[in-house]
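Chemist: Requesting a structural model of the entry that follows:
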Amino acid sequence: MDLQAVRERYLQDDFPKRLGALAANLARISSFSKKPENLDVIKGLLRESEYFIEWGISDAPIDLQEELVELQVRLAVWCYRLNEGKMGPEALEKEFQRRSEEWLSASGLVK
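Modeler: Now for the predicted structure:
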């Protein structure tokens, strides 16, 4: 993955669209977690989501910055647990569906 190209494209959008992209990634993780053979895709999406937060947090309203940092830490923990075999991807489905819905709502893109 060309991180510089992804970063440049991501930062072209306004903040609500960036949160929408993060929410979409979380929904993809939920969807892919239904099949263990998607483990590498899930880990890639976890890492990409961490980058999305890193790249856009300075534009976030102050009340969302703390929540985004907490999410970024959780993403790193889940990736670690998956890498170490301490949990299977199926454990992510409901958690990530819920988080996707929360962040999509926070983006203001849906009413």
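
Chemist: helix or strand right after the longest helix along the chain?
Modeler: Longest helix of the chain, by residue count under DSSP state H: helix 62-83. Next helix or strand after helix 62-83 toward the C-terminus (DSSP states H and E): helix 93-107.

Chemist: Okay, buried residues for that following helix please.
Modeler: For helix 93-107, the neighbour count (16 or more other CB atoms under 10 Å) marks 96, 97, 99, 100, 103, 104, 106, 107 as buried. The C-beta positions use only the backbone N, C-alpha and C, and glycine is treated the same way.

Chemist: Who are the contact partners of the last one?
Modeler: Translated: residue 107. 16, 17, 18, 19, 20, 23 (CB atoms under 8 Å, 6 or more residues apart in numbering).

Chemist: Whichever of the residues you listed end up buried, select them in PyMOL.
Modeler: Selection command for PyMOL covering only the buried members of the contacts of residue 107, criterion 16+ other CB under 10 Å:
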select buried, resi 18+19+20+23
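
Chemist: Which of the contacts of residue 107 lies at the shortest distance from residue 85?
Modeler: If you rank these by distance to residue 85 using CB to CB, residue 23 comes first, at 28.0 Å.

Chemist: Now do the helix or strand encompassing that closest one and helix 62-83, the angle between them.
Modeler: Assigned by DSSP H and E, residue 23 falls within helix 15-32. Angle, helix 15-32 to helix 62-83, by axes from the mean of the first three to the mean of the last three CA atoms, to 10 degrees: 30 degrees.
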